[in-house]
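> build me a structure from this.
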Amino acid sequence: MRPTLDASPLAHSLPLVAPACIDPAAAPLGSGIAASAAVHKAALPHVLFVDQSGQLGGAEFALLQLAEHYPSHMEVVLLADGPFRLRLEALGARVQIINDASVSGIARQASALNCLRVLPGIVRQVRAIAARAQAFDMLFVNTQKALVLGALGKALHRKPVVWYQHDILTREHFGRVQLAVVKWAVRLAVDQVIVNSRASAKSLAALTGRAADTAPVVYNGIDASAFNCVDGTDMGMLRQRLGLPEHAWLAGLFGRLAPWKGQHIALEALTRLPDAHLVLVGAPLFGEDAYAQRLRDEASALGIAERVHFAGFQDDIPAWMKAMNVILHTSTEPEPFGRVIVEGMAAGRPVIAAAAGGVTEIVRHGRNGWLVKPGDAAVLADAIGVLRNDPALAQRLAQQALHDAQAEFSVDQYVQRMMDALNKAVKRRDGEANAQTSP
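Next up is the predicted model:
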């Protein structure tokens, strides 16, 4: 099963300092939002953020953007050390590590017995987080382990708990024990859930019985400036720099090599597309090396090895995306959001995506991208053929996708919406407190 969060390739490639070049045409779009966010900052509650990972995944990248906009109002507790701490500290955020190796090893599919074995470590972390939360107005838990630890300590810290839900909560992704713990943590101790998509909200409602519309949707933000720094006008030169065939028609698939990411679906589709090439950017993680080798073996067995390029992990994801003719998304399971899709849109390239989960909230079929049935190689091949044979259509989709990525999924939009949600959570708490003290 996949881990708690799936990392965006771009999340690993961002430098400690944001790139200086900015597209002047995009500047007016975010300037008003940034000014509004500055106004909200003055009234923003002091928040203790808790995240389980020291690595950079989708949830961590979202928290990193919050830290960049108001580090003076926050402190971050990490349950493991790693490069995420360095990124946070580079932005001026205060970071505290509260680590317990036994708790860190709990997996999604862990049994109740395994959870009981690490109970002493859980108690230590609960107490440490609760003690630190006393100095803040609110506890913001950014991952599922953080949710559990923050909820268990609510009787000690007595602070509002806000959970930013990044996952679709179903048995396809989580064990029965984990879902039961999340269900009761949300019911008994969480004051506000914020979701990264309506798909995530729907799964929350099915699990907990909470109405889906009670959880505000705050989509992740994508920093378009990283893509504006790459000149993709001279495709041949860009591909030459990256070691890619200069004149081939390239379809790019970005993300770690894992069965649910569906790279094998893209390989099968390629057999139906003579002369097209497939570029796989990403590496296996979490013990998925066998799947990576399987992909290589399948490419050879299908007779397409010379047209499949295993690029491995790459730092400069914006450049690699701009070197493609089309960006593919082939996940066989519903994505909670689809950060890589928005990154492909920000690169100004047409995107073909599997129509499930939060993806359908990002891609509008035939307007800013192309949706296909998940897991169907024939349908994927047909979609690639449509865009390859109609460059004008591909260009129209790419232009609209770029506009939508900047307008609907910008960092400014994300930060403002998150600030609004946090302020509303505080006002709701204050209102309830006043109602209880009123005669």
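
> for residue 252, see how far away the nearest residue to residue 128 once chain neighbours are set aside is.
Nearest non-adjacent residue to residue 128, counting by Cβ to Cβ, 6 or more residues apart in numbering: residue 98, 4.7 Å away. C-beta: built from backbone N, CA, C; applies to glycine. Distance of residue 98 to residue 252, computed by Cβ to Cβ, to the nearest Å: 39 Å.

> and those two? which has more neighbours close in?
residue 252 (26 against 19; other Cβ atoms under 10 Å).

> could you identify the helix or strand that succeeds the helix or strand the more buried one falls within?
Secondary structure from DSSP states H and E places residue 252 in strand 249-254. Using DSSP H and E, the next helix or strand after strand 249-254 towards the C-terminus is helix 263-270.

> how far is that following helix from where the chain is centred?
Averaging C-alpha positions (Cα atoms, centre = their mean, to the nearest Å) puts helix 263-270 24 Å from its chain's average.

> so what secondary structure elements neighbour that helix?
strand 249-254, strand 276-281, helix 289-301, helix 377-389 (3 or more Cβ pairs under 8 Å, 6 or more residues apart in numbering; DSSP states H and E).

> could you rerun that using 7 Å?
strand 276-281, helix 289-301, helix 377-389 (3 or more Cβ pairs under 7 Å, 6 or more residues apart in numbering; DSSP states H and E).

> how about the last one: buried residues?
I take that to be helix 377-389. 377, 379, 380, 381, 383, 384, 387, 388 (16 or more other Cβ atoms under 10 Å).

> quick check: next helix or strand after it?
helix 391-408.

> what lies in contact with that next one?
With Cβ atoms under 7 Å, 6 or more residues apart in numbering as the test, helix 391-408 has contacts from 26, 29, 222, 224, 326, 342, 345-346, 348-351, 367-370, 387.

> and those, which are buried?
26, 29, 222, 224, 326, 342, 345-346, 348-351, 368-370, 387.

> and this structure, what are its domain boundaries?
Following automatic domain parsing, one finds the domains of the chain at 44-221+411-437, 225-408.

> may I have stretch 411-431 as PDB, with CA atoms only?
The C-alpha trace of stretch 411-431 is given here as PDB (Å, rounded to 0.1, in the frame of the first residue of the first chain):
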ATOM      1  CA  VAL A 411       0.400  29.900  -3.600                       C
ATOM      2  CA  ASP A 412      -1.300  33.200  -2.900                       C
ATOM      3  CA  GLN A 413      -4.700  31.600  -3.300                       C
ATOM      4  CA  TYR A 414      -3.700  28.700  -1.100                       C
ATOM      5  CA  VAL A 415      -2.300  30.900   1.700                       C
ATOM      6  CA  GLN A 416      -5.200  33.300   1.700                       C
ATOM      7  CA  ARG A 417      -7.800  30.400   1.900                       C
ATOM      8  CA  MET A 418      -5.900  28.700   4.700                       C
ATOM      9  CA  MET A 419      -5.600  31.900   6.700                       C
ATOM     10  CA  ASP A 420      -9.400  32.500   6.300                       C
ATOM     11  CA  ALA A 421     -10.100  28.900   7.400                       C
ATOM     12  CA  LEU A 422      -7.800  29.300  10.500                       C
ATOM     13  CA  ASN A 423      -9.400  32.600  11.500                       C
ATOM     14  CA  LYS A 424     -12.900  31.100  11.100                       C
ATOM     15  CA  ALA A 425     -11.900  28.200  13.400                       C
ATOM     16  CA  VAL A 426     -10.700  30.700  16.000                       C
ATOM     17  CA  LYS A 427     -13.800  32.800  15.800                       C
ATOM     18  CA  ARG A 428     -16.000  29.700  16.100                       C
ATOM     19  CA  ARG A 429     -14.000  28.600  19.200                       C
ATOM     20  CA  ASP A 430     -14.400  32.100  20.700                       C
ATOM     21  CA  GLY A 431     -18.100  32.200  20.000                       C
END
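
> what comes up buried for it?
For stretch 411-431, burial by neighbour count (16+ other Cβ under 10 Å) applies to 411-419, 421-422, 425-426, 429.

> from memory residue 380 sits against residue 269, does it?
Yes. At 4.3 Å, residue 380 counts as touching residue 269 under the criterion of Cβ atoms under 7 Å.

> show me where this structure has its strands.
Using DSSP state E, the strands of the chain run over residues 47-51, 74-78, 94-97, 138-141, 161-165, 192-195, 249-254, 276-281, 308-312, 326-329, 351-354, 370-372.

> who touches residue 169 in this structure?
179, 182, 203, 204, 207.

> again, only using 10 Å
144, 178-179, 182-183, 186, 200, 202-208, 336 (Cβ atoms under 10 Å, 6 or more residues apart in numbering).

> what does residue 251 give?
By Cβ under 10 Å, 6+ apart, the neighbours of residue 251 are 266, 269-270, 273, 276-280, 324-328, 352, 380, 384, 387-388.

> can we see that at 7 Å?
276, 278, 324, 325, 326, 328, 384.

> burial check on the fourth one, number of neighbours?
This means residue 325. Residue 325 has 20 nearby residues by other Cβ under 10 Å.

> what about it, distance to residue 246?
Taking Cβ to Cβ as the measure, residue 325 falls 12 Å from residue 246.

> same question for the third one.
As for residue 324, its distance to residue 246 is 13 Å (criterion: Cβ to Cβ).

> who has more neighbours out of those two?
residue 324 (25 against 11).

> ok, that one to residue 220 distance?
22 Å.

> got it, and residue 176?
With distances taken as Cβ to Cβ, residue 176 is found 28 Å from residue 220.

> between these two, who's got more neighbours?
With neighbours defined as other Cβ under 10 Å, residue 176 and residue 220 compare such that residue 220 has more, 24 against 11.

> my guess is the more buried one contacts residue 337. True?
Yes. Counting by Cβ under 7 Å, residue 220 does reach residue 337; the two are 5.7 Å apart.
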